[in-house]
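1. Below are the sequence and a predicted model; questions follow.
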Amino acid sequence: QVQLVESGGGLVQPGGSLRLSCAASGFTLDYYAIGWFRQAPGKEREGVLCISSSDSMTYYADSVKGRFTISRDNAKNTVYLQMNSLKPEDTAVYYCAAGLCSIVAGDYDYWGQGTQVTVSS
């Protein structure tokens, strides 16, 4: 069964850090680009950033540049989203997706169920 599972979300104070994980089963992440999207309450889902199959990173949200990074652990078939200097406006449900690096959600083949990130004091 093909599946992506996010984990690592939670409540963090402004300025804090979180690392989200996106673990794949039923397929190998090596051959896919992995994108991270987020959706805040009352807002549309937006692309955040993506790592290609050759480990090239593309930012889609200017607000996270310098604060968020992506990395892969192919041995664990897992991609990580490291989020530093978190701000209240980063509060959202975060989704990972496997496919082609794109800001368009339809360019991704597989999606995780999402993990909630709340930044609040």
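-> Now that the structure is in, tell me what you want to look at.

2. Please name the spatially closest residue to the residue sitting nearest the centre point of the chain (chain neighbours excluded).
-> Centroid check for the chain by C-alpha atoms, centre = their mean gives Trp36 as the closest residue, at 3.0 Å. Among residues not flanking Trp36 along the chain, Val48 sits closest, at 4.5 Å (C-beta to C-beta, 6 or more residues apart in numbering). Every residue, glycine included, has its C-beta placed from N, CA and C.

3. The helix or strand where the one you found lies pairs with which strands?
-> If you go by DSSP states H and E, Val48 is part of strand 46-51. Its sheet considered, strand 46-51 pairs with strand 33-39 (antiparallel), strand 57-59 (antiparallel) by DSSP bridges.

4. For the helix-or-strand element of the chain with minimal mean pLDDT, give me every contacting residue.
-> Least confident helix or strand, the chain: strand 57-59 with a mean of 91, by mean pLDDT, DSSP states H and E. Applying C-beta atoms under 8 Å, 6 or more residues apart in numbering, the contact partners of strand 57-59 are Val48, Leu49, Cys50, Ile51, Ser52, Lys65, Phe68, Thr69, Ile70, Cys101.

5. between the helix or strand just after it and strand 33-39, how many degrees?
-> Moving toward the C-terminus from strand 57-59, the next helix or strand (DSSP H and E) is strand 68-73. Computed by axes from the mean of the first three to the mean of the last three C-alpha atoms, to 10 degrees, the angle separating strand 68-73 from strand 33-39 equals 140 degrees.
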